[in-house]
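Asks: sequence isn't available, so here's the structure alone:
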């Protein structure tokens with residue numbers, strides 16, 4: 001397209017910068033999702049864990065011979081469709097037990113993989129705690145292999161994508177490269193930009209050898225870290241997250257390397273330059289108090305997509321922190337309600 005077209009887009013973005021996303025309101029728990037009170041019930045926890053343990057697990061060999069771990073939770077009878085979960089940096093399937101339980105109980109089959117370099121998937125550095133990626137495209141290639149060889153052969157009538165944070169950057173790139181694979185997609189706090197100056201400064205610091213970015217270290221979370229955490233306001237969900245990683249130490253991942261940050265920043269440029277390729281309807285949920293990623297990038301991405309006549313909508317979750325899927329009930333229920341209702345429309 002011509003430079004004049006992109007100049008017009010830029011002007012439209014500037015004139016719309018005062019527009020706000022629609023705000024998600026407090027909603028009733030119509031889908032009977034797990035609540036913080038239920039997480040204090042041992043029988044409910046047992047149900048969650050029993051379902052998770054019944055899931056089919058396995059490995060496949062991803063790009064550059066890295067082992068990729070996955071789990072599949074297939075409905076025994078006809079399902080409402082399949083949901084593929086693309087998780088965030090440092091995350092693993094084991095962290096998503098509650099979400100898998102809630103989505104499965106809505107009648108969906110669930111597919112999830114641990115992205116390379118984290119969870120139970122293979123690492124690319126000698127230090128297993130270091131967040132690293134040699135080529136961001138490999139994340140997308142792994143996801144496509146998983147889709148083609150494990151999800152698609154099951155012939156689900158509908159297929160949806162649910163992606164969080166880094167998994168959102170992976171998922172949106174996937175939609176740009178493979179626009180016909182999903183019926184609809186939902187994004188929770190997608191990583192479309194990092195806080196101010198991070199991307200400009202990291203170019204000067206990234207070297208040949210992988211090393212932790214400034215302020216980043218090996219995994220250090222513990223049960224006392226809730227007070228200063230920047231992920232969620234839900235103490236019980238935060239404690240469950242810490243507990244599950246303590247029980248599965250091989251799945252732990254610490255801070256990011258300069259290389260991971262640099263590759264991610266370059267991916268943002270790719271994402272914004274290829275929005276026109278998206279054909280999949282999508283919604284984007286942005287947490288107002290997100291301290292991990294730059295939420296202004298959410299507004300910019302959705303506005304640009306709308307200018308290009310894409311079927312999309314953005315929503316602001318007031319007062320919520322980054323981890324919408326493990327946040328307090330008031331934010332988690334509203335977020336999942338919106339996603340599930342959106343999927344039902346397609």
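Replies: Structure received. Owing to the predicted nature of the structure, the values given are computational and were not obtained by experimental measurement. Numbering: from 1, shown residues only.
Asks: now residue 345: closest residue in space that isn't a chain neighbour?
Replies: Setting aside the residues directly before and after it, residue 345 is nearest to residue 184 in space (C-beta to C-beta, 6 or more residues apart in numbering), at 7.4 Å. All C-beta spots, glycine's among them, are computed from the backbone N, C-alpha and C.
Asks: beta partners for that neighbour?
Replies: Using DSSP bridges, the beta-bridge partners of residue 184 come out as residue 160.
Asks: surely it and residue 279 touch.
Replies: No - counting by C-beta atoms under 8 Å, no contact exists between residue 184 and residue 279, whose distance comes to 11.0 Å.
Asks: between these two, which is the more surrounded one?
Replies: When residue 184 and residue 279 are compared on other C-beta atoms under 10 Å, the one with more neighbours turns out to be residue 184, at 21 against 14.
Asks: got a list of what the more buried one touches?
Replies: By C-beta atoms under 8 Å, 6 or more residues apart in numbering, the residues touching residue 184 are 160, 161, 280, 281, 282, 342, 343, 345, 346.
Asks: can you give me the helices in the stretch 1-150 of the chain?
Replies: With DSSP state H, counting those that start in this stretch as the criterion, the stretch 1-150 of the chain has helices at 3-15, 42-54, 97-104, 137-146.
Asks: what sits against the residue nearest the centre of the chain?
Replies: Taking C-alpha atoms, centre = their mean as the criterion, residue 164 is the residue nearest the geometric centre of the chain, at 1.6 Å. In this structure, residue 164 makes contact with 85, 86, 87, 88, 91, 187, 188, 189, 190, 323, 324, 325, judged by C-beta under 8 Å, 6+ apart.
Asks: list phi and psi for it.
Replies: Recorded main-chain torsions at residue 164 are phi -130, psi 140, according to degrees, to the nearest 10.
Asks: from residue 284, how far out is it?
Replies: Computed as C-beta to C-beta, to the nearest Å, the residue 164 to residue 284 distance reads 11 Å.
Asks: any common contacting residues for those two?
Replies: Common neighbours of residue 164 and residue 284 are listed as 187, 190 (criterion: C-beta under 8 Å, 6+ apart).
Asks: would you confirm that residue 134 contacts residue 262?
Replies: No - applying C-beta under 8 Å as the test, residue 134 and residue 262 come out as separate, 11.1 Å apart.
Asks: hang on, isn't residue 221 packed against residue 242?
Replies: Yes - using C-beta under 8 Å, residue 221 and residue 242 qualify as a contacting pair, with a distance of 5.5 Å.
Asks: ok, and the closest non-adjacent residue to residue 166?
Replies: residue 89 (4.1 Å).
Asks: what about that neighbour, neighbour count?
Replies: Using other C-beta under 10 Å, residue 89 is surrounded by 21 other residues.
Asks: quick one, what contacts it?
Replies: Contact criterion C-beta under 8 Å, 6+ apart gives 115, 118, 131, 165, 166, 191, 253, 256, 260 as the residues in contact with residue 89.
Asks: per-residue pLDDT of it, please?
Replies: Model confidence at residue 89, expressed as pLDDT, equals 97.
Asks: against residue 344, how distant is it?
Replies: Computed with C-beta to C-beta, the distance linking residue 89 and residue 344 is 30 Å.
Asks: who has more neighbours, residue 134 and residue 262?
Replies: Each of residue 134 and residue 262 has its neighbours counted (other C-beta under 10 Å); residue 262 has more, 21 against 17.
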